[in-house]
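Student: Sequence isn't available, so here's the structure alone:
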DNA sequence: ATAAACTATAAAGTATACTTGAAGGTCAAG
DNA sequence: CTTGACCTTCAAGTATACTTTATAGTTTAT
């Protein structure tokens, strides 16, 4: 498929997809060139980009995504590094989930405060001075 | 306390604290100026900055933090806006938690794949060709 | 055949969140 | 009373992740 079709299917736009390719997030599994130099994308590219979107929304940088999604080249050392990296990231995500939950209960408290404040104002607004 | 003390207590560095002030994240509850133009911070500033760090780690931008942490000025309309904003953000955080969990199980699968691959390589590495 | 709608590259621009650097004022110790 | 460690402001620089712009080639529809 051509770039605008992929863009449509993934919710990204063409320049972003080209940018991802330039940054090394796409490889021969996802894209090749036709005779006219146009990019031709595989179905796999759709899944791949949707996955990138999800992982990125979870807070990964493009470089990190590149590391975890890159094609397995059969190198044992690189494999071990990837494993180590993934473990580190899993822990990091646990931490972020905790932070998210803490912040959420924080916001809940703030929300309650503001609601209480609003209720009080709502009932006292038109009262005369004491 | 002076800026470097606050910096030490919060794990931020002075320029960052000044930057936050410039961006409107600190107000008279947290800083004032002494005669020599040096900033003097209150104890409240410590808590405030630690809170900023947490909320930011949870994915909020500085502008958003500014909105949710700004001093209550008693304006009913602004209060309503803040409440609406907080509710929106709570939902967003729910979504981010889900994304985080999805990505986490994704990474777990990838980790398992790589571990299996490594184990296979580990046992077959020294075998002669069939 | 020609206009509209794509495609390509490269380079510059944008937003966010800082960090670094320059140039100078203040303060405590020896 | 000067040295060193602070403090100040303002401007410029950095990294990330795009987006926009400029220029040009290709395809599709009429």
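Tutor: Sure, I can see it. All figures in this text were calculated on a predicted structure; none of them were measured in a lab.
Student: from the chain's centre, how far out does the lowest-mean-pLDDT helix or strand in chain A sit?
Tutor: One helix or strand of chain A scores below all others by mean pLDDT, DSSP states H and E: helix A:76-124, with a mean of 86. Counting by CA atoms, centre = their mean, to the nearest Å, helix A:76-124 is centred 16 Å from the centre of its parent chain.
Student: Quick one: list the elements packing against it.
Tutor: helix A:62-69, helix B:43-57, helix B:76-124 (3 or more CB pairs under 8 Å, 6 or more residues apart in numbering or on different chains; DSSP states H and E). Bear in mind the C-beta positions are built from the backbone N, C-alpha and C, glycine included.
Student: can you list the residues of chain A near DNA strand C?
Tutor: A:2-5, A:14-15, A:18, A:37-39 (CB under 7 Å from any atom of the strand).
Student: Which of these fall in strands?
Tutor: Counted as lying in strands by DSSP state E, out of those, are residue A:39.
Student: Report the buried members of the residues of chain A next to DNA strand C.
Tutor: Among the residues of chain A next to DNA strand C, those buried by neighbour count (16 or more other CB atoms under 10 Å in any protein chain shown) are A:3, A:39.
Student: Just give the closest residue to residue A:86, not the sequence neighbours.
Tutor: residue B:111 (4.5 Å; CB to CB, 6 or more residues apart in numbering or on different chains).
Student: what would the residues of chain A next to DNA strand C look like in a markdown table with pLDDT and distance to residue B:44?
Tutor: A markdown table is the format used below for the residues of chain A next to DNA strand C (pLDDT from 0 to 100; distance: CB to CB, whole Å):
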| residue | pLDDT | distance to residue B:44 |
| --- | --- | --- |
| A:2 | 97 | 57 |
| A:3 | 97 | 53 |
| A:4 | 96 | 53 |
| A:5 | 97 | 55 |
| A:14 | 97 | 49 |
| A:15 | 97 | 46 |
| A:18 | 97 | 49 |
| A:37 | 96 | 61 |
| A:38 | 97 | 60 |
| A:39 | 98 | 55 |
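Student: picking up where we left off before, distance-wise, check the residue nearest to residue A:86 relative to residue B:118.
Tutor: 10 Å (CB to CB, to the nearest Å).
Student: Overlap in contacts, these two.
Tutor: residue A:83 (CB atoms under 8 Å, 6 or more residues apart in numbering or on different chains).
Student: thinking again about what came up before, distance to DNA strand D and mean neighbour count added to the helices and strands packed on helix A:76-124, as TSV?
Tutor: Shown next, in TSV, are the helices and strands packed on helix A:76-124 (distance: least, CB to the nearest atom of the strand, whole Å; neighbours: other CB atoms under 10 Å in any protein chain shown):
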stretch	distance to DNA strand D	mean neighbour count
helix A:62-69	3	16
helix B:43-57	12	17
helix B:76-124	14	14
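Student: can you redo those helices as JSON lines with distance to residue A:55?
Tutor: Below are the helices and strands packed on helix A:76-124 laid out as JSON lines (distance: least, CB to CB, whole Å):
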{"stretch": "helix A:62-69", "distance to residue A:55": "6"}
{"stretch": "helix B:43-57", "distance to residue A:55": "18"}
{"stretch": "helix B:76-124", "distance to residue A:55": "5"}
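Student: which stretch among these comes nearest residue A:93?
Tutor: helix B:76-124 (5.1 Å; CB to CB).
Student: Excluding its own residues, what touches stretch A:82-91? List them.
Tutor: Applying CB under 8 Å, 6+ apart, the external contacts of stretch A:82-91 come out as A:60, A:64, A:67-68, B:104, B:107-108, B:110-111, B:114-115, B:118.
Student: let's see 10 Å
Tutor: A:55, A:58-60, A:64, A:67-70, A:72, A:75, B:103-104, B:107-108, B:110-115, B:117-118 (CB atoms under 10 Å, 6 or more residues apart in numbering or on different chains).
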